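In: Here's a sequence, model it:
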Amino acid sequence: MTLQFTGERIVPQASNCEPLFAEKMYQEHIARYFFASQWIKDKSVLDVGCGVGYGAHWMAINGAARVRAFDLSPEAISHAKQFYAADTVTFEEASATDFSFDELFDVITCFEVIEHIEEQSAAIRCMCKALKPGGVLIISTPRALERKRSDFHTREFSEEEFRALLAPCFPHVHFYFVNNHFVSLVADGAPA
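Out: Below is the predicted model:
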């Protein structure tokens, strides 16, 4: 059975989501994985909070040597295994705040997840510990507005707050900004 759209997690196959909205949101989210592609070629990748798995699958078939992907939701992982299985991708249930694997990764992706977590510092520490020396974390979160965008979010960050969250584990940070047009644009500056 296909997982249904809840108002937050993007489920491309969901029958209860208006198709144009689903396509727009999918394009916005998959753009992050396209952006990550410059770091994943022949690398081991961990996708933290993989949701229903389309991004992990995309990386697995577009250059990553292997992808290990996890989400807290058993339903999302079941959906991922049904719709996005590939020889070089593994899906499993785990928590972003206390995961530990028997391997380290070249690249970690964590897209639109950190704003959903109560213990955000714990998640950042886990990701730091899971990276090989010289590894790369590619993480995204919506910029804070005057009001939270969603009741699903525990906290949204200003750029300064996000830098402060990352700083204890990731002293070398470079920010990119997504500005959506007909497709998503990833640029080296905040949108005007």
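In: all contacts plus neighbour counts: C-alpha atoms, from now on.
Out: Noted.
In: Let's see the pLDDT reported for the most centrally placed residue in the chain.
Out: When Cα atoms, centre = their mean is applied to the chain, the residue found nearest the centroid is residue 111 (2.2 Å). On the pLDDT scale, residue 111 is placed at 93.
In: Residue 151 too?
Out: Per-residue pLDDT puts residue 151 at 69.
In: quick one, phi psi at residue 99?
Out: Main-chain dihedrals, residue 99, degrees, to the nearest 10: phi -80, psi 150.
In: Now do the contacts for it.
Out: By Cα atoms under 8 Å, 6 or more residues apart in numbering, the residues touching residue 99 are residue 126.
In: picking up where we left off before, contacting residues around the residue nearest to the centre of the chain?
Out: Applying Cα under 8 Å, 6+ apart to residue 111 gives the contacts 29, 32, 48, 49, 50, 138, 139, 140, 141.
In: between these, which has the most around it?
Out: For the contacts of residue 111, the largest neighbour count, defined by other Cα atoms under 10 Å, is 28 neighbours, found at residue 50.
In: Quick check, that one in contact with residue 71.
Out: Yes - look at residue 50 against residue 71 with Cα atoms under 8 Å: they come within range, at 5.4 Å.
In: after the lengthiest strand in the chain, next one along is what?
Out: If you go by DSSP state E, the chain has its longest strand at strand 131-140. Helices and strands here follow DSSP states H and E; after strand 131-140, the next one along the chain is helix 159-166.
In: So for that next one, what gets flagged as buried?
Out: Under the neighbour-count criterion of 16 or more other Cα atoms under 10 Å, helix 159-166 has 162, 163, 165, 166 buried.
In: of the contacts of residue 111, closest to residue 76?
Out: residue 50 (8.4 Å; Cα to Cα).
In: you'd agree that closest one is in a helix?
Out: No - counting by DSSP: H, G, I helix; E, B strand; the rest coil, residue 50 is located in no helix; its state is coil.
In: Tell me which residues touch it, please.
Out: Neighbouring residues of residue 50 by Cα under 8 Å, 6+ apart: 56, 69, 70, 71, 110, 111.
In: that older thread, could you give the mean pLDDT of the longest strand of the chain?
Out: Strand 131-140 shows a mean pLDDT of 95.
In: All set now, cheers.
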